[in-house]
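**Q** Next comes the sequence, and after it the predicted model I'd like to discuss.
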Amino acid sequence: MSRALLSHILHRPPLLGSRSGIRGGAIPSRLPALRLNCSAAEATASADEAPAPPARKKRVVSGVQPTGMVHLGNYLGAIKNWVALQDLYETFFFIVDLHAITLPYEAPQLSKATRSTAAIYLACGIDSSKASIFVQSHVRAHIELMWLLSSSTPIGWLNKMIQFKEKSRKAGNENVGVALLTYPVLMASDILLYQSDLVPVGEDQTQHLELTREISERVNNLYGGRKWKKLGGRGGSLFKVPEALIPPAGARVMSLTDGLSKMSKSAPSDLSRINLLDPKDVIVNKVKRCKTDSLPGLEFDNPERPECKNLLSVYQIITGKTKEEVVSECQDMNWGTFKATLTDALIDHLQPIQVRYEEIMADPGYLDSVLLDGAGKASEIADTTLSNVYQAMGFLRR
């Protein structure tokens, strides 16, 4: 989102798990974070001060699965934020196709969905001259580092992952593949491979980032420092311990049919979500049929009205208005009037994205070149990290 700069860094609380990592330990319950604010001013040096040397930009990584259609929740919760982040940080945005196979999927559709998701990144405003855009499986180091990290990750940590419990329950425990249990280790690999400083996360993803932090601390302790130096390495930490980057309001967009459930690609009904490529008539129908309540007026902060809060939040982010401006405009509207207003705002916002998407998909050579260049830049960093880990863990080097 074209928002602004970040607030100050919160002090990192101590991890609750054992720092040695040798006996395991609890996953930390608190996560240091930066918060993306909606307004800030850049500090300027006085005229008589010597200019400071340019600081290295902090590095941000994030990705979206190419399963199903990219929807409004993916866009407002992740991709739209990336447009602002690419101007503030060194950014790596990838299509996490390896994560897409943790549950049953249609093999012929995977490559098509991967290309489509990459085109949506670009259509939404991700600039390949500012950010590295690539496909996860095109950088083989992701899988290799995952295996190395798996050897140091206690199974008890993975068994505690909430999403594994929920998804395995839905799929039936006997039918669940091992990848559903271990994919948080792949997620840790995705982050640690690039020595990431910050990771944009929503409310439902903080547990996975906590796990990543705990894995990095554990591996740093087991193999880093003097132990690594004795094997010919530079010593010190193998991985940076990443911090969370908390997006502004609207980071978690809820279902159109249930204000208490997150908007999801896997929800059975397509009426539960607005897909970024939905045509106008489909958007009109989905908003018209979305769940509301019978209470008068509209308000953000009534916990008894989750659908009301969700739709107002979507309108706020789509229009770029402040919460106060939305309240002033909409508090006395009835649902019919507001739904029409929201529909118009959604169509106006998504139409340029849809036009640009079609242009990109019509030029496969351009899209291929963007992904090839992005994978090349990513591999330079990833291969260095992976080589260091192999060395620190004692492998015979080629």
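**A** Looks like it arrived, so ask away.
**Q** Got the phi and psi for the spatially most central residue of the chain?
**A** In the chain, the centroid-proximal residue (Cα atoms, centre = their mean) is Ser62; its distance is 4.5 Å. For Ser62, the backbone dihedrals are phi -170, psi 160 (criterion: degrees, to the nearest 10).
**Q** Please name the nearest non-neighbouring residue to it.
**A** Leaving aside its chain neighbours, Ser62 sits nearest to Pro200 (5.0 Å; criterion: Cβ to Cβ, 6 or more residues apart in numbering). Every C-beta, even on glycine, is put in place using the N, C-alpha and C of the backbone.
**Q** could you pull out the strands for the stretch 201-350 of the chain?
**A** Using DSSP state E, counting those that start in this stretch, the strands found in the stretch 201-350 of the chain span residues 243-246.
**Q** Next up, the contacts around Ser266.
**A** Thr67, Gly68, Leu103 (Cβ atoms under 8 Å, 6 or more residues apart in numbering).
**Q** Nearest to Phe94 among the residues you listed?
**A** Thr67 (14.6 Å; Cβ to Cβ).
**Q** Next, count neighbours for the closest residue to the closest one other than its chain neighbours.
**A** Excluding the flanking residues, the one nearest Thr67 by Cβ to Cβ, 6+ apart is Ala100, at 4.7 Å. Look at Ala100: counted by other Cβ atoms under 10 Å, it has 21 neighbours.
**Q** So Ala100 is in contact with Gly68, correct?
**A** No. Ala100 is not in contact with Gly68 according to Cβ atoms under 8 Å; the separation is 9.4 Å.
**Q** Show the pLDDT at the residue nearest to Ser216 when sequence neighbours are not counted.
**A** Take Ser216 and drop its neighbours on the chain: the residue closest to it by Cβ to Cβ, 6+ apart is Phe239, 4.1 Å away. pLDDT for Phe239: 98.
**Q** What count of nearby residues applies to Gly232?
**A** With other Cβ under 10 Å as criterion, Gly232 counts 9.
**Q** how close does it sit to Asn388?
**A** Going from Gly232 to Asn388 by Cβ to Cβ, to the nearest Å gives 11 Å.
**Q** what does Arg140 give?
**A** Taken as Cβ to Cβ, the span from Arg140 to Asn388 is 16 Å.
**Q** Neighbour count for these two, which is higher?
**A** Set Arg140 next to Asn388 and count neighbours by other Cβ under 10 Å: Asn388 wins out with 18 against 14.
**Q** For the more buried one, list the residues it contacts.
**A** Contacts of Asn388 by Cβ under 8 Å, 6+ apart are Trp228, Gly233, Arg234, Leu238.
**Q** Next: Phe395.
**A** So Phe395 contacts nothing (Cβ under 8 Å, 6+ apart).
**Q** circling back: pretty sure the residue nearest to Ser62 contacts Gly63?
**A** No. Using Cβ under 8 Å, Pro200 is not in contact with Gly63, being 10.1 Å away.
**Q** Return every residue with contacts to both of the two.
**A** Between them, Pro200 and Gly63 share no contacting residue, judged by Cβ under 8 Å, 6+ apart.
**Q** Surely Leu311 touches Leu342?
**A** Yes. With contact defined as Cβ under 8 Å, Leu311 and Leu342 form a contacting pair (6.2 Å).
**Q** Counting neighbours, go ahead and name the busier of the two.
**A** Applying other Cβ under 10 Å to Leu311 and Leu342 shows that Leu311 carries more neighbours, namely 25 against 20.
**Q** for the stretch 51-200 of the chain, which spans come out with low pLDDT?
**A** By pLDDT under 70, the low-scoring segments of the stretch 51-200 of the chain are 51-54, 170-173.
**Q** so where do the helices sit in it?
**A** Ranges of helices in the stretch 51-200 of the chain, per DSSP state H, counting those that start in this stretch, are 72-74, 80-88, 107-123, 141-150, 155-159, 162-171, 178-192.
**Q** Return the distance of the first one from the chain's centre.
**A** Going back to what we said before, that points to helix 72-74. 11 Å (Cα atoms, centre = their mean, to the nearest Å).
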